[in-house]
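J.: What follows is a protein structure lacking sequence information:
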């Protein structure tokens with residue numbers, strides 16, 4: 001296996017840990033709420049998944065715990081910004097700091113422990129396709145779940161009444177309320193569901209891609225997920241491309257290190273973030289959709 005294949009395979013695996021929280025954040029932002037606490041949701045999900053998997057020996061029970069931990073963080077954020085009208089950016093940072101502190105305290109005992117990782121599943125027939133088979137179809141189940149979730153999010157948002165109501169709340173919540181809807185309920189549900197998906201992204205990181213736990217293991221992935229949504233113009237396909245681009249850039253840096261390329265360590269660490277953000281900015285500038293009006297209004301009022 002050459003270096004390019006290694007980078008692409010690692011990019012799909014690592015990119016999934018960005019794709020899942022980015023899709024969750026997309027759902028929340030389409031409803032008019034940004035969650036800078038996505039990083040905290042991922043941390044909570046990563047620790048919960050690893051801890052439960054290590055204690056019980058059941059990896060899927062751990063993934064479920066990661067989902068619930070992320071959703072709990074989302075519930076706290078949703079309560080603050082939707083019910084208590086707190087500033088969205090400040091609330092998200094509170095969620096992040098709280099999750100960082102809690103996971104650092106309770107996660108210390110799990111550093112160095114082992115848990116059964118998610119099994120690698122080869123898709124029959126597809127995994128044997130030349131070139132693309134090993135890259136796309138020899139991963140753990142959460143990677144495949146990411147593939148499916150992109151299509152599911154697109155379908156729900158743009159082809160169902162639920163998605164229509166959610167997008168309407170993200171644009172004009174007052175109009176939805178005047179029509180007899182419940183915009184606050186929609187926003188809270190969207191944020192909680194999105195945070196739960198982010199928690200699964202954290203689980204993918206701890207019991208899938210990395211396979212262990214260490215403090216602050218998300219290393220900014222949650223913030224990258226938020227940026228991916230913004231620069232992908234709130235489109236699931238753009239989120240997919242941006243997430244995997246980040247994953248490939250991250251894996252490429254590791255492959256270069258493994259092959260002994262004499263490049264400054266700090267430049268290699270910054271490479272994935274720089275490439276991803278520059279590329280997505282270019283894509284967004286070429287024809288991006290407008291941000292949901294309620295989201296723009298909330299951020300503008302918060303900054304005022």
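T.: Happy to help now that I have it. The structure presented is a predicted model; accordingly, all values stated were derived computationally and were not measured.

J.: use CA for all of it now, contacts and neighbours both
T.: OK.

J.: show me where pLDDT drops low in the stretch 1-150 of the chain?
T.: 1 (pLDDT under 70).

J.: And the strands in it, which stretches?
T.: 120-122, 138-140 (DSSP state E, counting those that start in this stretch).

J.: Which among those strands is found nearest to residue 146?
T.: strand 138-140 (10.5 Å; C-alpha to C-alpha).

J.: Could you spell out the sheet neighbours of that closest one, each with its direction?
T.: Applying DSSP bridges to the sheet, strand 138-140 is found paired with strand 120-122 (antiparallel).

J.: SS state for residue 219?
T.: Here residue 219 takes the coil state, with states given by DSSP: H, G, I helix; E, B strand; the rest coil.

J.: got the phi/psi numbers for it?
T.: Main-chain dihedrals, residue 219, degrees, to the nearest 10: phi 50, psi 40.

J.: how near is it to residue 225?
T.: 12 Å (C-alpha to C-alpha, to the nearest Å).

J.: For those two, indicate the residue with more neighbours.
T.: residue 225 (28 against 11; other C-alpha atoms under 10 Å).

J.: In which helix or strand does the more buried one reside?
T.: Using DSSP states H and E, residue 225 maps to helix 221-231.

J.: For that helix, name the packing helices and strands.
T.: helix 3-30, helix 38-56, helix 236-258, helix 265-285 (3 or more C-alpha pairs under 8 Å, 6 or more residues apart in numbering; DSSP states H and E).

J.: go again using 10 Å as the cut-off
T.: helix 3-30, helix 38-56, helix 183-204, helix 236-258, helix 265-285 (3 or more C-alpha pairs under 10 Å, 6 or more residues apart in numbering; DSSP states H and E).

J.: What's the mean pLDDT across the last one?
T.: In this model, helix 265-285 has a mean pLDDT of 67.

J.: thinking again about what came up before, most tightly packed of the strands of the stretch 1-150 of the chain?
T.: strand 138-140 (a mean of 21; mean count of other C-alpha atoms under 10 Å).

J.: returning to that earlier point: pull up the overlap in contacts between residue 219 and residue 225.
T.: Overlap of the contact sets of residue 219 and residue 225 (by C-alpha atoms under 10 Å, 6 or more residues apart in numbering) consists of residue 39.

J.: Residue 149 versus residue 46, what's the distance?
T.: Remark: distance between residue 46 and residue 149 (C-alpha to C-alpha) = 19 Å.

J.: Neighbour count for these two, which is higher?
T.: Under the criterion of other C-alpha under 10 Å, the comparison of residue 46 against residue 149 puts residue 46 first, with 37 against 19.

J.: thought that one was touching residue 203?
T.: Yes - when contacts are counted by C-alpha atoms under 10 Å, residue 46 is listed as touching residue 203 (4.4 Å).

J.: that older thread, and the strands of the stretch 1-150 of the chain: which comes nearest residue 66?
T.: strand 138-140 (16.2 Å).

J.: got the contact list for that closest one?
T.: So strand 138-140 is contacted by 9-10, 12-13, 117-124, 126-128, 132, 144, 204, 208-209 (C-alpha under 10 Å, 6+ apart).

J.: Out of these, which end up buried?
T.: By neighbour count, with 16 or more other C-alpha atoms under 10 Å, these hold 9-10, 12-13, 117-118, 122, 127, 144, 204, 208-209 as buried.

J.: Hmm, residue 95 is touching residue 74, no?
T.: Yes - at 8.5 Å, residue 95 counts as touching residue 74 under the criterion of C-alpha under 10 Å.

J.: Overlap in contacts, these two.
T.: Shared contacts of residue 95 and residue 74, counting by C-alpha under 10 Å, 6+ apart, come down to 35, 37-38, 40-41.
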